[in-house]
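Enquirer: Show me the folded form of this:
(chains A and B)
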Amino acid sequence: MSLALSVRDLRKTFTRPAVAGIDLSIRPGEFYGLLGPNGAGKTTTLRMVAGLLKPDRGSIEVFGVDVRQDPLAAKQLIAWLPDEPLLYDKLTVSEYLEFVAGLWQMEPERAQRNARTLLERLDLWAHRDERCEGFSRGMKQKAVLAGALIHEPRLLILDEPLTGLDASIARQVKDLLLERARGGCTIILTTHILEVAERLVDRIGIIQSGRLVAEGTLDELRTTAGRAGGTLEEVFLRLVDPAVAPATQPVSS
Amino acid sequence: MTLAPGSTPWLLQHEARLYWRGRPKGVGGSAMIVVLLLLLHLLGLLLAWAMSHAPALPANVLAVGLTSAAAALLLLMISRCLVSAVQVLYTRGDFDLLLASPMPARRLIATRATFIAVSVSVEAGVLIWPFANGFALFGHPASLKAYVLVPTLGLLATSLGLLLTLLLFSLFGPRRTRVIGQVLSGVIAVCFVFAGQIPNLVVGSGHRGAYAAASWQATALSIDGPLFAPARLWLAGNALPVVVLLGGGALLALTIRGFGDRFMSAAIASGGIAARPSRRKASASLHFAGTRRRILVRKELRLIVRDPWLLTQILQQCVAVLPLGVLAWRHGRGGLPLIWAVSIYFCGFLAGALSWITLVAEDAPELLATAPISRDELVRVKLQAALWPILPLVLLPAIALSASHPWFGICISVCAAGSALSCALLNVGDQPTAKRQDFRTRHRGKFLRGLLEMAIVLGWSLLCWASVWLGPSHGR
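Expert: Next up, the predicted model:
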């Protein structure tokens, strides 16, 4: 069975190397957390996977589809959710969902069904005919999440999806993500809220200076960091500690 | 020079820095400004030279001309000030920071109002003062009073702009004032263009037309009446301009003193106000329908139609065609209905504007970039969305002139279609994504693109002209 995401020797340089040879292998249905300090290269990596940036070198395959060779086929399988909501203020939520479903060429009946389920699930049904310009940040983020899920992506990429959300909305989002992961959707998530990663993800990759420095389940990372019983925060800080990091070899996933 | 932090000059310097942001910088920017000023001076000198050979204008005509010009300029300035005042309330930027600082709130409002007056005066002055210099050199030193008149109007316009903003705020509340203010500003600017065309409509175009129009107004509106009294006094006295300028300053000071606190309250009330939830009658269920192309086109059209500010901006820029239309109307009487030819310009401009909105001012570019749709298809659909609303305008000349001047009508429709398509295609390419709010300034820093748009429209107009004259019976 092909991997949900296979990344090999991925490299991207702006003024300095942002991603310096990353390998990732993520299995179908896995909930994967990509963690790292600011500027480590997480977002750049994910933007390359989503087709928003061209890699300088390396290969990316999504369910066996080469992102560089056949970008449209790969995009058909992916949904991208950045930290800043991608919304049209002058559209209502239902119009927005219709638009996204149209972009992914969904059959109208299926799109309607999915939209209704998502809007009800995210408490947006009552607001379906309101324009997004009047929404709070949390409501916007929920609308965008509904847009990302409406076309039933097999790979969901989330870049800081919980930034700025209140506890109640964050809970709704987390529950929905877990539900999707249980349903077989592969999810890759970056976050600075380590408790979220600790609660949600199956496996964690820690990235620093454009390289994957550690990868595994929380227990495996505890062993790598030599922090048995430690929290993810302790493990993370240990692994990205400049005094320790040189000893940490880049990981080939 | 180091200014005392928190002082009024320091705040003014801060305002100036913000104002200048995004405008051309460095040697190139300075060179562009110098060239623009030189060109305007050249134009001013040419006009003054031409006028020096014409008979001297009677005082009553001058008074009418001055009143009309000042009124039109005041309209334009009020429009500009209204936008600036609304921006103070809603485009928070640094305003929240300043409000939270231990600085007297009234000083903050006074500085911002003063800077609005200064900026609006300088913007108008840059266009007017070179002409005043030209006339002064050709024996009309009184024209230098423009150096006082423009700032006076700037101060007056700022006072009126602030008061108008407060009035809108009390009438419509914080949620609606922003859009209504922006729309009203656009409407006032449109009125300015219409006002400028009154002489051409009433009597004729050009210098003689303006002269005749002024004489007509002087007779019709009674030159001795109170309407023209300020202009008569202005032209007669030398000390009066300075007094009026001081009066303008005093008026602004009084406005700030009298209404500054209310303006500050409005600014605080508008902070964090989200747009009013706009809802249609909630449907019982969802109705998704149509192909991808139709859904994409519908989305683009919805985004344009639902943005009143954007619509007024488009309208405002479209009325730039009015002088051309009046000219064509006057010259077309009795022969070919030349006014229809204006649609070549109109369609070209409109297509350029709409295609910029659909192609460049995309609100969610990353959503489209991650969607399984090729760039070519996306561009095609967005061009369709930009061109659909223009189609009726393109067809109108051919239909309207089918009975009287069929060949002329067909030529205009074909060339209008060509003009629209060419101008729309100008926006296809790797342009950085812009915001819809930048619509007014979309040609800033893209001088060549603007020039190319004009050249395209001109080229299609010439082609139309050639086709008409080479065609059967000169277009009939």
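
Enquirer: Below-threshold pLDDT in the stretch 301-450 of chain B: ranges please.
Expert: In the predicted model, the stretch 301-450 of chain B carries pLDDT under 70 at residues B:330-335, B:430, B:445.

Enquirer: Please list the residues of it that sit near chain A.
Expert: By C-beta under 8 Å from any C-beta of the partner chain, the residues of the stretch 301-450 of chain B that approach chain A are B:302-303, B:306-307, B:363-364, B:366-374. Every C-beta, even on glycine, is put in place using the N, C-alpha and C of the backbone.

Enquirer: Just the buried subset of those, please.
Expert: For those, a burial check counting by 16 or more other C-beta atoms under 10 Å in any protein chain shown picks out B:302-303, B:306-307, B:363-364, B:366-373.

Enquirer: Which of those residues fall in helices?
Expert: Among these, the residues falling in helices (DSSP state H) are B:R302, B:L303, B:E366, B:L367, B:L368, B:A369.

Enquirer: Regarding chain B, what is its longest helix?
Expert: Using DSSP H to assign secondary structure, the helix with the most residues in chain B is helix B:146-202.

Enquirer: Would you mind pulling up the elements that that helix packs against?
Expert: helix B:59-90, helix B:105-137, helix B:206-220, helix B:240-270, helix B:308-318, helix B:322-332 (3 or more C-beta pairs under 8 Å, 6 or more residues apart in numbering or on different chains; DSSP states H and E).

Enquirer: Let me have those helices in a markdown table, extended by mean neighbour count.
Expert: Formatted as a markdown table, the helices and strands packed on helix B:146-202 follow (neighbours: other C-beta atoms under 10 Å in any protein chain shown):
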| stretch | mean neighbour count |
| --- | --- |
| helix B:59-90 | 21 |
| helix B:105-137 | 20 |
| helix B:206-220 | 17 |
| helix B:240-270 | 17 |
| helix B:308-318 | 18 |
| helix B:322-332 | 17 |
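
Enquirer: how far out from the middle of the chain is stretch A:96-115?
Expert: 21 Å (C-alpha atoms, centre = their mean, to the nearest Å).

Enquirer: List the buried residues of that stretch.
Expert: Buried residues in stretch A:96-115, counted by 16+ other C-beta under 10 Å: A:96-104, A:106, A:108, A:111-112, A:114-115.

Enquirer: Pull the CA coordinates from the lengthiest helix in chain A and hand them back as PDB.
Expert: Scanning chain A for the helix with the most residues, using DSSP H, yields helix A:167-182. Provided in PDB are the C-alpha atoms of helix A:167-182 (Å, rounded to 0.1, in the frame of the first residue of the first chain):
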ATOM      1  CA  ALA A 167     -11.300  27.100  24.200                       C
ATOM      2  CA  SER A 168     -14.800  26.100  23.000                       C
ATOM      3  CA  ILE A 169     -14.100  26.500  19.300                       C
ATOM      4  CA  ALA A 170     -10.600  24.900  19.700                       C
ATOM      5  CA  ARG A 171     -12.300  21.900  21.300                       C
ATOM      6  CA  GLN A 172     -14.800  21.600  18.400                       C
ATOM      7  CA  VAL A 173     -12.000  21.800  15.900                       C
ATOM      8  CA  LYS A 174      -9.900  19.200  17.700                       C
ATOM      9  CA  ASP A 175     -12.900  16.800  18.000                       C
ATOM     10  CA  LEU A 176     -13.700  17.100  14.400                       C
ATOM     11  CA  LEU A 177     -10.000  16.500  13.400                       C
ATOM     12  CA  LEU A 178      -9.900  13.400  15.600                       C
ATOM     13  CA  GLU A 179     -13.100  12.100  14.100                       C
ATOM     14  CA  ARG A 180     -11.700  12.600  10.600                       C
ATOM     15  CA  ALA A 181      -8.500  10.800  11.500                       C
ATOM     16  CA  ARG A 182     -10.500   7.900  12.900                       C
END
